[in-house]
Structure formats: C-alpha cells, structure tokens
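*Asks:* Give me a model of this one.
(chains A, B, C and D)
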Protein chains: 2
Amino acid sequence: MNIKSLETFFWIAKLGSFRATAKKLFASQPTISARIAGLEDELGIELFDRSGRKAVLTAKGRQVLSYAEQILQLHADLLETVASPEAIQGTIRLGVAETIAYTWLPELIERINETYPAINLELDVDISINLSEKLLKREIDIAFLIGEVKQDGFFNMPFYSYSLIWVVSPKLTLPPEPVSLSELAKIPIITYPRMSEPHTNIRTLINKMGSSTQIHSSSSLSTIIRMALDGIGVSALPKEIITRELAAGQLREFKVEASIPDLVFNMAYCAAPGANVVRAVADLSLKIVASKPH
Amino acid sequence: MNIKSLETFFWIAKLGSFRATAKKLFASQPTISARIAGLEDELGIELFDRSGRKAVLTAKGRQVLSYAEQILQLHADLLETVASPEAIQGTIRLGVAETIAYTWLPELIERINETYPAINLELDVDISINLSEKLLKREIDIAFLIGEVKQDGFFNMPFYSYSLIWVVSPKLTLPPEPVSLSELAKIPIITYPRMSEPHTNIRTLINKMGSSTQIHSSSSLSTIIRMALDGIGVSALPKEIITRELAAGQLREFKVEASIPDLVFNMAYCAAPGANVVRAVADLSLKIVASKPH
DNA sequence: AGAGGTTACGGGCAGCGTAAGGATC
DNA sequence: GATCCTTACGCTGCCCGTAACCTCT
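*Replies:* Numbering: from 1, shown residues only, chains lettered A, B, ... in the order given. I've put the predicted structure just below:
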C-alpha cells in the first residue's frame, strides 16, 4: 500500500467522482481506476459503489476513509516538519482575479518560488465568480477573489483592498471637476466585464441617472487600459494597475462627485488532509501582502 | 513516499543495522540502503549517521521516527479492521522448541493457515535458549519456549505445561516400582540436549546420588524416542509426545520415587508498530491451546 | 448520445538482487 | 581483515497513458 493510493481514494471519496479526481491529481482517469482497483484487491473489499451516477463509499470504505485521512495528515505533517524546503514539491493551482494578476501576482510567484523551489504553480486568471466555482469543484487550490467561498472546510481571509480612481486620457476634454454624475453619464465608460463586482457597481451608479450611458467592458485589463489610453472613454481603475501610465502622463486622475466602493479581495482555499503545502503557500501569500505598506 | 520505506526506516532505527533489517524484511542489504537513500532524497535530509559501527538516528531522523511509528500503526490498524482475512499477508517466523513441534505445532499451523490463508510461516526449531536470543535479534517473530524474554516491548504469556513421565521399553527389566533414585542412577538415561531445562533438571536429580550415571542426550526428540524404543535406556518425556508408543505397548510408564518439575512453555513476541499480524497470530495460538482440554 | 468507469495494450521507470567497491574499527 | 554500507549494473515487474469498450441515464 502506498500513500498515493490512499490520496487517490481520499479525493474520490471527497469529490464523488473518479474523473474529477483524475483532474485534481493530474493523472488519467484509467490510472485512477487502477489505483482504486489495486487498493481494493489488496484489502480484499469493495471501497466504492459505482452503480449510480456518483461513486459512493461502501460501509467498509467509510472506515478506510477515516484511516486514510489520518495517514495523509501525518504524512503531510511529516513533510512539513522535517523536509528541507527544497524537497517540498507538488503542483498548486492558483486562481487569480485579473486585478491581482496585474499587481501582486508577480511578487507572489517570485516569493513562492524562492521559498519552495520545487513547487509548480499553475495559474488560472478568471473573474471572481468563476474562481469561486472552480474552487468548489477543486479545479484550483487557492483563489484570490472578490467575495467569500461559503462552504464547510473553506478558509476565507482578507487579502487586499483597492480604491478605484477615475482616469482619463489627456486627449479627452472633461467638464469641470468634480464631474457630476449627470455629466459623467454622457461620456463612454470602459470597465470590468459583466458579472464582475466593479462592473455592477458602476452600472448601479450610472443607472441612478436613468440615462443611457455607453459602457464598454472587457475581460482583459490590458484592453481596458489600452482603450482608456486611446481616449475612447473614461475608466475607474485601481491606482495600483496604472501607476506607470499616470507617471508618464498618459492618463490623469479626475474627481467625480460620487464614490465607488473599494474592491475588496479575499484569499480562499480548502483545508484538506495532506494539503499542508496549500496552507503554507496561503500563509506565505498573506505574509507577503502584510509586509508591504498598504 | 511509500509505507515500505517507512517500515524499513523504522526497523533500522530499532535494530541499529541495515543488515539486520534486510534479514528481518527478507530483502538484500543494498535494497535496504536504496530505500533509505530514496527517503533521504525525498525529504532532503539525512536520517542516519553511518559513520560509526551502528546506524544511529540524526536529530531529524528521530522526528521522522515518531511520525513513521504513527503511520505504520495506522496502516496496520487499517488492514486489521477492514481487510478480509484472505487479504492479510506477510511472513511470520515461528520459533518453536522441539517438544512443541511434536505436539501443538501441526494444529497451530493448520489453524493459522485456515484463518489467514495468505500468511507464510517460516519455522525454526531450536532449543529455548537459542530461541530467546533469536527473538531478541528479531530473527524470529514469535517463540514458544521455556523461560521468559525479559526485555522492553516483549510479551510473555503462559502457553502450555507438560508433565514428564518416566518410560522404558518392555525389552528392559527394571527394579520394583517405585524405582528409587539410587536404582535409577544405574540405568542409562536418554534425555533432552545439554543446556536445555529438562536435561539440567534430570542431571540435578541424579547428581544428588553422586553416582556416575550414563546420560545420553540428543537434540532430536525422534532420536531420543528411537533410543528409548531400542531399549538403550529409560527416558523422562512428556506423555503427549509418546502417546502412540504407549498405546502400542512399545514403551511403558514406570514410577520413580522422585518427581521432575513440569516443562512450562511460554509464548513470547515483540510488540512493534505495524506488527498487528504477529499479535493476531499470537492471539490465535493462545486461543487454540485454551480451547483444548488441558 | 453522452457521461462515467473498465479493459487492453505497449512503453518507461522504479525497485530488486548480484557483484564489486570503499570505509571504519 | 572483518564488518558494514554504498555503488554499478542488468533485469523484472509495476505503473502510467492512449485507445477501445461497456454500462447506465
């Protein structure tokens, strides 16, 4: 019996699917089948009832699960306690909202690589609502997103807040500041994609005016910035992602009479036996953010 | 990481030697080296200090040992709890005194095979004092012997007592019964080998007479019986090993005025993490003996 | 038909034993 | 020189992925 089989067993029990476990463990689905078949042979018992749509534990399987969890936890603790950082390996799938990808991500990756040189990172940049779903399906291990993942076993920690500022290209001429909402509504606005929180916030703000404002949205931050630079319209963005453009005078901040809520990002991950590395990377990420002046 | 490596590590820590562990685990010594090298690689640390004559744990190694023990114990418990008896496998080395080999052993083997069909038994028939040593060196797992193994971690349980009776071939003519010690001393006595308890007891008994009795001893019970059958002398033996000869009239019991202490056999084994199978076989053996009228 | 698990099969790698090579006492 | 561990090397067997197959809904 080896740890890998137990880990495989554990994840099938948790996810209810051989296929999902194959993805989670970066293996083919037949490999997962074979591992479980091997385990069942070795123990001389059936672990799952495969007749239904979901793989469901048998009575004996539930007993095995309890042992498997304990063994995996001990194994992870063992690695964490005594292994040299260079020996800690694995693949961690980070899900990040694009704003994070533009600001903290490079530093996070660099520092994680320094601390755990043998860890592979797999990045998934998506909007928060999708990240949340992927986290639930265990398609990613840690997410930096807006909102919380409210399900048993998930940890949510405040990560970083961004204030949104209104910016515009010098090419465009604006009314006198602070710009009133009714004036703002006459200018095209470039913002985050539909279904994302900042998009919704801005739409709510403008809708109060009842006017039919032109709102361009893009799933790519660089496109949003590009459009703002080109003077297609104004945009509300975190200062952190356009420091260069502001310094170069390609964009300038302007005041609006109403304010937009901050973008509050959380970090979320699931606590699973044997997932100490995930927790370690999560801790490290929080520490990195905390160490910088906010 | 696999259970096998941890088990190997555990036994080296316990026995202080790669070589002894190789024997214990039925593997070659380089294989043991390779397993530990692999473990050390994986953890990125050194587990043993090999500079001295004995392999001694490093500081990190001691930490690992504690985890390894827990994991092995869980693994053994898991197997014991959920595995079907047919799936319980391994090799158990039984050390038995010859008297046991002649009486209980066939039934023990049969019953153990019934209960755990996948377990291999390896038998070692020797005198008790050697069995005790072998047990300490872990060359055997369970012993049925005279005396106790007094060392930490070893269990000793009463197994079975034999009363010795004096027997003689009808070919020989004896003095009137009960035979006095002085008369007995004139007849050649065939008995257990030197260094064994019954040999010592009989020698003590006869030595009181100060006479130079002829004492033949053999390490083979069948030879002793053969010699008694041939009328070479008298012998004191457990009734249980000569029931056939007594029934056939090839040997007959006779009374002696002095009595010889019973042969008291114990079962001894070492409690080690992950050695649940050894314990199970030990329990089974005791149950078998207890279930028969004594 | 499609989603999910199993079977069949070929290739690569890990783990084993034998034999030879150090290191320590 | 004896004892003990490591290195070198060839071999076997296990584990993996691809592809085809089976079975429920």
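
*Asks:* Please work out how many residues are found near A:S259.
*Replies:* Residues contacting A:S259 under the criterion other CB atoms under 10 Å in any protein chain shown number 11. C-beta: built from backbone N, CA, C; applies to glycine.

*Asks:* How about A:A22?
*Replies:* Neighbours of A:A22 under the rule other CB under 10 Å: 20.

*Asks:* who's in contact with it?
*Replies:* By CB atoms under 8 Å, 6 or more residues apart in numbering or on different chains, the contact set of A:A22 is A:28-29, A:31-32.

*Asks:* so, in contact with DNA strand C or not, whatever helix or strand it lives in?
*Replies:* Under the criterion of DSSP states H and E, A:A22 resides in helix A:18-24. Yes - contact of helix A:18-24 with DNA strand C (CB under 7 Å from any atom of the strand) involves A:18-19.

*Asks:* Quick check: next helix or strand after that helix?
*Replies:* Following helix A:18-24 toward the C-terminus (DSSP H and E): helix A:29-43.

*Asks:* next one: phi and psi at the residue in chain A sticking out farthest from the centre?
*Replies:* Most distant residue from the mean C-alpha position of chain A: A:G44, 41.1 Å away (CA atoms, centre = their mean). Main-chain torsions, A:G44, degrees, to the nearest 10: phi 70, psi 20.

*Asks:* my read: it touches B:L79, true?
*Replies:* No - A:G44 lies out of contact with B:L79 (CB atoms under 8 Å); the separation is 10.0 Å.

*Asks:* overlap in contacts of those two?
*Replies:* Taking CB under 8 Å, 6+ apart as the contact criterion, the common neighbours of A:G44 and B:L79 are B:A87.

*Asks:* Residue in the stretch 101-250 of chain A with the shortest distance to chain B?
*Replies:* A:A118 (8.9 Å; CB to the nearest CB).

*Asks:* and the residue lying closest to that residue once chain neighbours are set aside, what is it in contact with?
*Replies:* Distances taken as CB to CB, 6 or more residues apart in numbering or on different chains place A:Q89 nearest to A:A118, at 3.8 Å, with adjacent residues excluded. Shown in contact with A:Q89 (CB under 8 Å, 6+ apart): A:116, A:118-120.

*Asks:* Contacting DNA strand C as well, which ones from the contacts of A:A22?
*Replies:* Contacts with DNA strand C within the contacts of A:A22, counted by CB under 7 Å from any atom of the strand: A:Q29.

*Asks:* any chance of the contacts of A:A22 in TSV, with pLDDT too?
*Replies:* Output for these, formatted as TSV (pLDDT from 0 to 100):
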residue	pLDDT
A:S28	87
A:Q29	91
A:T31	92
A:I32	92
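
*Asks:* distance of the residue farthest from the centre of chain A from A:Q73?
*Replies:* 26 Å (CB to CB, to the nearest Å).

*Asks:* my read: A:S17 touches A:A55, true?
*Replies:* Yes - under the criterion of CB under 8 Å, A:S17 makes contact with A:A55 at 6.1 Å.

*Asks:* between those two, which one's more packed in?
*Replies:* Higher neighbour count among A:S17 and A:A55: A:A55, with 21 against 18, using other CB under 10 Å.

*Asks:* where does that one sit relative to A:E139, distance-wise?
*Replies:* For A:A55, the distance to A:E139 - CB to CB - is 18 Å.

*Asks:* try A:K150
*Replies:* Using CB to CB, A:K150 is found at 18 Å from A:E139.

*Asks:* Strands along the stretch 101-250 of chain A, start to end?
*Replies:* Along the stretch 101-250 of chain A, the stretches classed as strands by DSSP state E, counting those that start in this stretch are A:119-125, A:142-146, A:154-162, A:164-168, A:189-191, A:215-217, A:234-238.

*Asks:* just those: most buried one?
*Replies:* Mean neighbour count (mean count of other CB atoms under 10 Å in any protein chain shown) peaks for strand A:142-146 among these, with a mean of 25.

*Asks:* Counting by contacts, list what that one packs against.
*Replies:* The contact analysis (3 or more CB pairs under 8 Å, 6 or more residues apart in numbering or on different chains; DSSP states H and E) places strand A:142-146 against strand A:90-96, helix A:128-136, strand A:263-270, helix A:276-291.

*Asks:* Reformat those as a markdown table; add distance to DNA strand C and mean neighbour count.
*Replies:* Formatted as a markdown table, the helices and strands packed on strand A:142-146 follow (distance: least, CB to the nearest atom of the strand, whole Å; neighbours: other CB atoms under 10 Å in any protein chain shown):
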| stretch | distance to DNA strand C | mean neighbour count |
| --- | --- | --- |
| strand A:90-96 | 16 | 21 |
| helix A:128-136 | 15 | 20 |
| strand A:263-270 | 20 | 22 |
| helix A:276-291 | 21 | 17 |
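
*Asks:* Look at the nearest residue in space to A:Y162 that is not next to it in sequence and report its pLDDT.
*Replies:* Spatial nearest neighbour of A:Y162, excluding adjacent residues (CB to CB, 6+ apart): A:P238 at 3.5 Å. pLDDT, A:P238: 93.

*Asks:* same question, A:M209
*Replies:* 68.

*Asks:* What count of nearby residues applies to A:T173?
*Replies:* Neighbour count of A:T173, defined by other CB under 10 Å: 7.

*Asks:* could you check the distance from the nearest residue to A:D230 once chain neighbours are set aside over to A:L246?
*Replies:* Residue nearest to A:D230 in three dimensions, not counting chain neighbours: A:S169, with 7.0 Å by CB to CB, 6+ apart. Going from A:S169 to A:L246 by CB to CB gives 11 Å.

*Asks:* what is in contact with the two at once?
*Replies:* A:R252.

*Asks:* that older thread, I'd like the strands of the stretch 101-250 of chain A as CSV, with distance to A:K134 appended.
*Replies:* Shown next, in CSV, are those (distance: least, CB to CB, whole Å):
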stretch, distance to A:K134
strand A:119-125, 7
strand A:142-146, 7
strand A:154-162, 13
strand A:164-168, 25
strand A:189-191, 23
strand A:215-217, 21
strand A:234-238, 23
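
*Asks:* residues near the residue in the stretch 151-294 of chain A positioned nearest to DNA strand D, how many?
*Replies:* Using CB to the nearest atom of the strand, the closest approach of the stretch 151-294 of chain A to DNA strand D is made by A:G274 at 16.0 Å. Per other CB under 10 Å, the neighbour tally for A:G274 reads 22.

*Asks:* and it, what does it touch?
*Replies:* A:G274 neighbours (CB under 8 Å, 6+ apart): A:7, A:10, A:72-73, A:75-76.

*Asks:* Recalculate using a threshold of 6 Å.
*Replies:* Taking CB atoms under 6 Å, 6 or more residues apart in numbering or on different chains, we find A:G274 in contact with A:72, A:76.

*Asks:* Confirm that it sits in a helix.
*Replies:* No - applying DSSP: H, G, I helix; E, B strand; the rest coil, one finds A:G274 to be coil, outside a helix.

*Asks:* Any part of the helix or strand in which A:Q70 is found near DNA strand C?
*Replies:* Using DSSP H and E, A:Q70 sits in helix A:59-82. No - Helix A:59-82 does not reach DNA strand C (CB under 7 Å from any atom of the strand); its nearest approach is 12.8 Å.

*Asks:* name the element A:A13 belongs to?
*Replies:* helix A:3-15.

*Asks:* The closest residue to DNA strand D within chain A - nearest residue in space that isn't next to it in sequence?
*Replies:* Here the residue of chain A nearest DNA strand D is A:T31; by CB to the nearest atom of the strand that distance is 3.2 Å. Nearest non-adjacent residue to A:T31, counting by CB to CB, 6+ apart: A:A22, 6.9 Å away.

*Asks:* Nothing else from me, thank you.
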